[in-house]
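1. When you get a sec, could you give me coordinates for this:
(2 chains)
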2 protein chains.
Amino acid sequence: MPHPFDDAIALSLGPDGQYGGATHPAYANMVGPFGGVTGATLLNAALQHPARLGDPIALTVNFASALADGGFEIEARPVRTNRSTQHWMIELLQDGEVAATATAVFALRRETWSAPEAQMPVAVPPAASLPRGDVRGRPTWVQRYDMRFFGGGMPEAFDGQEQPHSQSSVWLRDEPPRPLDFASLAAICDSFFPRIFIRRRLPAPIGTVSLTTYFHADAELLAAQGERWVLGTARALNFHNGYFDQSAEVWSDAGQLLASTHQMVYYKG
Amino acid sequence: MPHPFDDAIALSLGPDGQYGGATHPAYANMVGPFGGVTGATLLNAALQHPARLGDPIALTVNFASALADGGFEIEARPVRTNRSTQHWMIELLQDGEVAATATAVFALRRETWSAPEAQMPVAVPPAASLPRGDVRGRPTWVQRYDMRFFGGGMPEAFDGQEQPHSQSSVWLRDEPPRPLDFASLAAICDSFFPRIFIRRRLPAPIGTVSLTTYFHADAELLAAQGERWVLGTARALNFHNGYFDQSAEVWSDAGQLLASTHQMVYYKG
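-> Take a look at the predicted model:
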């Protein structure tokens, strides 16, 4: 049986060159689908496109409106293909209106001088030693991840006790387990709860408007990670008049940076 | 006389709805124009579009090929306009080929609960107490900024003495001075030298492939900043097989976050 993530990002190529897809109940959010899966589906249109060159380096997804549950079309255009890089513009339409857009840069990498600069946090407890985060009462998509927080988990109660920061540290993997690939890594990059919940401890209507993910891992490194937990660390810089940013890194359990990701999120104060 | 930056980002609206512009010698890079001005020009197409709603929140510019010196066309499409947000897809064409793309999210903000999380570095020397960075032998665009480093300036020599990190701290403003606005802030966000030069202290062919900027400032805060120096802090997370990331924050001299910015950069090792 296919993993629900593969069902959720599945696309069929129509005779007009457009892809058709549909939201999946296993990744339902409070309203419509989990944005991480929408972003992964937009990326998937380039990943499985016959003109694809190389692997993803950068992906930006803009959420133009709340998606409704149901079908959608995706148009993916390789607007420029160079010798080792390829640039994509991608649009997701629902009922004839643009509901999300994306741009992506793909590239062929080659081995050369490399140097990590950021380091995975030290003194990290093993994932297996931590309890799985409570998913009761949470949107369905949260149940599709095994998240084990050791700092900055979702507050048990929205008690309005404002925190000095919004940092989170979490081991996480798909649930059920699934080998990591570019699409699932893209979705994981949107799995960090809105920082305003951690910081302010009050409910608020929120919605990501723009999500950028940089892929530091190549296909080989992703394959080596397999189904094991990855480490995520997230924080915000600033909450200001209706928009806040958040940034996160995703690390392999061997301490290699797999992805770094940034987003701007609308909130109603 | 208009500021050269205004000349450089100037666009004329053609009868077909496309904008026409041209690279400007005052912002020339080693090859072609400074990418920050190209990004600001793409943003400017939305800023001056008759259908514009609100102010920029997020901008992603993908550099699909080296621009040649000379003219170009820009097509800016507001693909979705909601009550308080607007989503743009923008393409820059040169000789009929896509040379750069952008997406942007604009929004109307309203005053609500706000909270900074990151803080401007402490113990920052006043800009006026620092010497202006040497621009001799540097590309022309560098002369269009008054940069005063107090950490992580361009190495005086490419001596191959690899550094433990690539962090920079710099006061900077347009040269000649110019009141800060969204377009000039977007350009400043690409003015942080490629981190590989700071870290590795060796020359290398490089090119930004994707640049994302989040605008934390509204128009009022930008206007209050005027022509004074802003503080920039930049770093990288990872240099890996031909691509590295870099992130930077831009602060007002009063310690307010104006913008945060991220990019992925190609390098030849």
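2. Confirm that A:Val37 lies within a helix, as I assumed.
-> Yes: counting by DSSP: H, G, I helix; E, B strand; the rest coil, A:Val37 falls inside a helix.
3. ok, the closest residue in space to it that isn't next to it in sequence - contacts?
-> For A:Val37, ignoring the flanking residues on the chain, the nearest one in space by CB to CB, 6 or more residues apart in numbering or on different chains is A:Tyr27 at 4.4 Å. Backbone N, C-alpha and C define where each C-beta goes, glycine included. By CB atoms under 8 Å, 6 or more residues apart in numbering or on different chains, the contact set of A:Tyr27 is A:Pro4, A:Phe5, A:Ala8, A:Pro33, A:Phe34, A:Val37, A:Thr140, A:Trp141, A:Arg144.
4. check contacts around the residue lying closest to A:Leu13 once chain neighbours are set aside.
-> Excluding the flanking residues, the one nearest A:Leu13 by CB to CB, 6+ apart is A:Tyr19, at 5.8 Å. Going by CB under 8 Å, 6+ apart, A:Tyr19 touches A:Leu11, A:Ser12, A:Leu13, A:Ala45, A:Glu73, A:Ile74, A:Glu75, A:Ala76.
5. Where does the closest residue to A:Ile188 other than its chain neighbours fall, secondary structure wise?
-> Ranked by CB to CB, 6+ apart and with sequence neighbours excluded, the top spatial neighbour of A:Ile188 is A:Val250, at 6.1 Å. Per DSSP states H and E, A:Val250 falls inside strand A:243-251.
6. mind checking how far that strand is from the chain centre?
-> Computed by CA atoms, centre = their mean, to the nearest Å, the separation of strand A:243-251 from the middle of its chain amounts to 10 Å.
7. With pLDDT and secondary structure as extra columns, can I get the contacts of A:Tyr19 in JSON lines?
-> What follows is those, written out as JSON lines (pLDDT from 0 to 100; DSSP: H, G, I helix; E, B strand; the rest coil):
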{"residue": "A:Leu11", "pLDDT": "98", "secondary structure": "coil"}
{"residue": "A:Ser12", "pLDDT": "98", "secondary structure": "strand"}
{"residue": "A:Leu13", "pLDDT": "94", "secondary structure": "strand"}
{"residue": "A:Ala45", "pLDDT": "98", "secondary structure": "helix"}
{"residue": "A:Glu73", "pLDDT": "98", "secondary structure": "strand"}
{"residue": "A:Ile74", "pLDDT": "98", "secondary structure": "strand"}
{"residue": "A:Glu75", "pLDDT": "98", "secondary structure": "strand"}
{"residue": "A:Ala76", "pLDDT": "98", "secondary structure": "strand"}
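8. Narrow the residues you listed to those that are buried.
-> A:Leu11, A:Ala45, A:Glu73, A:Ile74, A:Ala76 (16 or more other CB atoms under 10 Å in any protein chain shown).
9. picking up where we left off before, can you list contacts of the strand holding A:Val250?
-> Here strand A:243-251 has contacts from A:118, A:120, A:166, A:185, A:188-189, A:192, A:194-196, A:209, A:230-238, A:257-267, B:57, B:107, B:109, B:214, B:216, B:237, B:247, B:260, using CB under 8 Å, 6+ apart.
10. same thing but at 6 Å, please
-> A:120, A:192, A:195, A:230-234, A:236-237, A:257-266, B:57, B:214, B:260 (CB atoms under 6 Å, 6 or more residues apart in numbering or on different chains).
11. Note down every partner strand of that strand and its orientation.
-> strand A:230-235 (antiparallel), strand A:238-240 (antiparallel), strand A:257-267 (antiparallel) (DSSP bridges).
12. And the helices in the stretch 51-200 of chain A, which stretches?
-> A:182-188, A:195-200 (DSSP state H, counting those that start in this stretch).
13. Do the last one and chain B come into contact?
-> No: residues of helix A:195-200 contacting chain B under CB under 6 Å from any CB of the partner chain: none, with a closest distance of 6.8 Å.
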